[in-house]
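**Q** quick one: sequence plus predicted model below, questions after.
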Amino acid sequence: MVNLRIAFLAALFLGGMALSPFSVNAAEACDRACLEGFVNQYLDALAAHDASKLPLTKNARYTENGQTLKLTDGMWGPKVTLGSYKLYFADPKAGQVGFMGVVNENGHPQILSLRLKIENRKIAEMEAIVARSGAGGFARPQDLVDKPIFHEPLAANDHPSRDELVRIANSYFEGLEKATGKLTPFDPQCTRIENGAVTANNPDGKGMAKMTCGEQFDTGFSPFITHVRERRYPIVDEERGLVYSIIFFDHAGTITNVKWTDGTEHKVNPPFDTPYTFLLGELFKIKNGKITRVEAVLLPVPYGMPSGWSKKE
């Protein structure tokens with residue numbers, strides 16, 4: 001009887017080990033290299049015009065610039081070749097990975113921001129934002145160069161929590177909505193790049209482009225951005241202090257003049273004095289608790305357009 005009891009307990013213990021959620025998670029875990037590998041698979045399949053090469057979940061979904069498409073449409077239609085600019089950011093805890101880079105559609109260089117969600121070593125979600133230079137916006141893919149700061153891990157004594165990283169990133173949008181620099185912790189040399197153009201802390205720029213991110217916010221320039229909505233933060237790269245957000249900037253067109261904090265009046269230039277919306281994929285580098293770099297891919301979309309991913313839609 002004792003031997004039978006020992007055998008039963010041994011079987012229960014070994015069976016429990018085999019079915020342990022920790023062992024399952026270890027088998028299914030996808031680290032940075034694994035997640036970036038899925039991006040490379042995706043890009044290779046895109047260039048080959050063959051989505052059958054992708055390991056997809058049964059209900060995998062693809063959106064491009066907010067529209068649900070099949071993997072034979074949109075970017076999957078024209079001839080695609082891959083450019084040299086590639087920026088990866090990964091969130092192993094959430095099973096999500098992002099990419100910003102240059103792709104060529106029928107020979108035209110475009111800027112791509114891509115989000116993939118991985119479930120059980122398969123792609124469940126694909127969200128692409130493509131800034132096309134001939135699509136009514138602006139894009140300077142030729143100016144995109146590697147920025148080592150995005151690849152650098154945070155120092156051992158600089159590891160804010162996920163919630164704190166998201167809070168800091170969100171404070172950027174709070175500052176825009178409330179037209180103040182007091183809410184957002186900026187590094188004194190914070191630089192922003194939008195669609196390849198340096199739009200803050202640009203020594204060769206003109207007007208506001210010469211100012212750092214913080215100096216721009218301190219002017220109170222932004223009341224014409226009436227709403228920063230559908231704020232999502234799907235990728236938090238804790239190791240490198242990166243937060244990837246997907247948001248909309250709405251301009252209601254109701255504000256045509258803005259008084260800056262220095263008392264000067266400034267006319268709101270078109271098209272922002274009419275109902276106008278930007279869809280953005282925006283990446284923040286947060287170091288020592290401060291936003292030090294911002295890189296965004298953005299494009300104009302119909303005013304008030306939803307993303308297709310919000311649970312509120």
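**A** Cool, the structure landed. Numbering: from 1, shown residues only.

**Q** how far is stretch 251-267 from where the chain is centred?
**A** Put simply, stretch 251-267 sits 29 Å off its chain's centre (Cα atoms, centre = their mean, to the nearest Å).

**Q** same thing with stretch 202-209?
**A** Here stretch 202-209 is found 25 Å from its chain centre; the criterion is Cα atoms, centre = their mean.

**Q** can you tell me the distance between the two ends of that stretch?
**A** 6 Å (Cα to Cα, to the nearest Å).

**Q** swap in stretch 87-98?
**A** End-to-end distance (Cα to Cα), stretch 87-98: 8 Å.

**Q** and the contacts of that stretch?
**A** With contact meaning Cβ atoms under 8 Å, 6 or more residues apart in numbering, stretch 87-98 is reached by 29-32, 35-36, 38-39, 99-101, 113-119, 146-147, 150, 162, 234-238, 240, 242, 244, 281, 283, 295. For the C-beta atoms, the positions are set from N, CA and C on the backbone; glycine is no exception.

**Q** how about the helices in the chain?
**A** Along the chain, counting by DSSP state H, helices occupy 2-19, 21-28, 32-48, 162-178, 213-218.

**Q** where do the strands of the stretch 1-150 of the chain begin and end?
**A** Assigned by DSSP state E, counting those that start in this stretch, the stretch 1-150 of the chain shows strands spanning 56-64, 67-68, 80-91, 96-105, 108-119, 122-131.

**Q** next, format those as JSON lines and append mean pLDDT.
**A** Formatted as JSON lines, the strands of the stretch 1-150 of the chain follow (pLDDT from 0 to 100):
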{"stretch": "strand 56-64", "mean pLDDT": "97"}
{"stretch": "strand 67-68", "mean pLDDT": "96"}
{"stretch": "strand 80-91", "mean pLDDT": "97"}
{"stretch": "strand 96-105", "mean pLDDT": "97"}
{"stretch": "strand 108-119", "mean pLDDT": "97"}
{"stretch": "strand 122-131", "mean pLDDT": "98"}
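
**Q** right, and residue 81 touches residue 102 too?
**A** No. Residue 81 is beyond contact range of residue 102, at 9.8 Å (criterion: Cβ atoms under 8 Å).

**Q** out of these two, which sits in the more crowded spot?
**A** Here residue 81 and residue 102 are compared on neighbour count by other Cβ atoms under 10 Å; more neighbours surround residue 102, at 19 against 13.

**Q** which residues sit in contact with that one?
**A** Contacts of residue 102 by Cβ under 8 Å, 6+ apart are 82-85, 109-112, 141, 144.

**Q** domain boundaries for this protein, per the record?
**A** The chain breaks down into these domains under automatic domain parsing: 28-143, 154-301.

**Q** returning to that earlier point: pull out the buried residues from the contacts of residue 102.
**A** 82-83, 85, 109-112, 141, 144 (16 or more other Cβ atoms under 10 Å).
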